[in-house]
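Visitor: structure here, sequence nowhere to be found:
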Ligand code: CAA
């Protein structure tokens with residue numbers, strides 16, 4: 001595999017494009033909005049500058065990485081000649097099903113169709129395609145250029161050949177792929193989201209404040225970010241959507257989202273992306289400032 005299309009230039013899409021391009025793949029970055037492509041490319045450039053400053057890559061590697069990326073607003077043009085498509089569009093089931101149907105019209109059946117979904121069923125997505133054996137989950141973690149894990153999710157019909165080639169490909173990106181099966185939340189979010197939800201319940205019930213909860217998990221469990229900071233980083237709307245998938249998928253009340261999380265998302269407080277969540281992010285992401293609602 002040498003030619004890869006990435007659909008969606010948002011946080012995950014631009015990180016995935018960055019990573020493939022850095023390891024020498026020709027990347028077609030596709031988004032419906034030209035402005036999103038420009039923003040995605042600017043983010044890739046900023047993150048490459050960070051890697052140059054930290055002496056992880058050279059200035060020449062930065063230039064090569066950027067040269068490996070072409071941008072498209074037209075899906076058909078973007079997927080021409082690719083061996084693999086990695087879909088990283090908004091986490092919306094109807095949108096993803098439509099994209100996969102469209103992909104079947106514009107790519108030969110030899111092309112592997114991967115999705116970076118964080119919780120939507122791979123089997124459900126595969127069922128709308130003409131090649132369910134070639135549909136697979138390739139779940140990268142944010143920030144993609146830094147995090148070593150790729151959770152590789154086998155749908156009900158995903159073939160051994162496709163799974164093995166995506167495992168090998170992930171290793172070529174200097175990642176550690178881990179193979180899991182297709183059940184709600186897969187593994188990463190089945191474990192991560194109940195922890196985040198429990199942290200929010202702990203705050204909601206007044207057991208401790210934002211700072212205390214995050215300090216306990218950072219200092220006591222050596223997590224790089226506390227669960228509330230991590231929730232702001234992932235996006236509270238994304239956390240809520242994943243909890244709904246777990247709750248609906250298993251029918252177990254232990255996955256019911258905390259009412260505080262539901263309220264915050266309804267109020268538009270989605271974390272870093274909206275400027276406020278458990279913390280206030282108006283000043284940037286360097287310093288942690290507790291949001292007014294949670295100040296003591
Ligand atoms: N691109 C490239 N490099 C980046 C980067 C990016 N977007 N973001 C950070 N870095 C690099 C920095 O240059 C730095 O490199 P060195 O180690 O060489 O110095 C390193 O990453 C650490 O960055 P910083 O020093 O700026 O900041 P930090 O030490 O606070 O680390 C962090 C930042 C890596 C994000 C760290 O806080 C962390 O690991 N947080 C937890 C992240 C996490 O849990 N991600 C998973 C979220 S869940 C998910 O993605 C899946 C889902 O379905 C919800």
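Guide: Happy to help now that I have it. Since this is a predicted model, take the numbers as computed values, not measurements.
Visitor: drop to CA atoms for contacts and neighbour counts, all remaining ones
Guide: Fine.
Visitor: contacts only, for residue 264.
Guide: For residue 264, the contacting residues are 236, 270, 277, taking C-alpha atoms under 8 Å, 6 or more residues apart in numbering as the criterion.
Visitor: list phi and psi for it.
Guide: For residue 264, the backbone dihedrals (degrees, to the nearest 10) come out as phi -60, psi -40.
Visitor: follow-up on the earlier one: among the contacts of residue 264, who's most crowded?
Guide: Neighbours here are counted as other C-alpha atoms under 10 Å. On that basis the top member of the contacts of residue 264 is residue 277, with 29 neighbours.
Visitor: was I right to think that residue contacts residue 232?
Guide: Yes - with contacts counted by C-alpha atoms under 8 Å, residue 277 reaches residue 232, the gap being 5.7 Å.
Visitor: return every residue with contacts to both of these two.
Guide: In contact with both residue 277 and residue 232: 270, 271, using C-alpha under 8 Å, 6+ apart.
Visitor: re earlier: can you add distance to the ligand, pLDDT and secondary structure and give the contacts of residue 264 back as JSON lines?
Guide: JSON lines is the format used below for the contacts of residue 264 (distance: C-alpha to the nearest ligand atom, whole Å; pLDDT from 0 to 100; DSSP: H, G, I helix; E, B strand; the rest coil):
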{"residue": "236", "distance to the ligand": "10", "pLDDT": "98", "secondary structure": "helix"}
{"residue": "270", "distance to the ligand": "13", "pLDDT": "98", "secondary structure": "coil"}
{"residue": "277", "distance to the ligand": "16", "pLDDT": "98", "secondary structure": "coil"}
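Visitor: what is the nearest of these to residue 257?
Guide: Top of the list for closeness to residue 257, among the contacts of residue 264 and by C-alpha to C-alpha, is residue 236 at 11.0 Å.
Visitor: need the residues of the protein near the ligand, please.
Guide: Applying the criterion C-alpha under 6 Å from any ligand atom, the portion of the chain that neighbours the ligand consists of 47, 50-51, 54, 118, 141-143, 145-146, 224-225, 234.
Visitor: try 5 Å
Guide: Contact residues, the chain versus the ligand (C-alpha under 5 Å from any ligand atom): 47, 118, 141, 142, 143, 145, 224.
Visitor: of those residues, buried ones?
Guide: 47, 118, 141, 142, 143, 145 (16 or more other C-alpha atoms under 10 Å).
Visitor: pick out the most distant pair among these.
Guide: Checking those against each other with C-alpha to C-alpha, the farthest-apart pair comes out as 47 and 118, at 22.6 Å.
Visitor: how many other residues sit next to residue 60?
Guide: Here the neighbour count serves as a burial measure; for residue 60 (other C-alpha under 10 Å) it reads 9.
Visitor: which is the next helix or strand following the helix or strand hosting it?
Guide: With elements delineated by DSSP states H and E, residue 60 resides in helix 59-67, which encompasses its position. Remark: after helix 59-67, the chain's next helix or strand is strand 69-72, criterion DSSP H and E.
Visitor: can you tell me what sits against that next one?
Guide: Residues lying outside strand 69-72 but in contact with it, judged by C-alpha under 8 Å, 6+ apart, are 17, 21, 26, 27, 28, 29, 30, 31, 34, 37, 78.
Visitor: chain neighbours aside, what residue packs nearest to residue 256?
Guide: Distance criterion C-alpha to C-alpha, 6 or more residues apart in numbering; nearest residue to residue 256, sequence neighbours excluded, is residue 247 at 5.8 Å.
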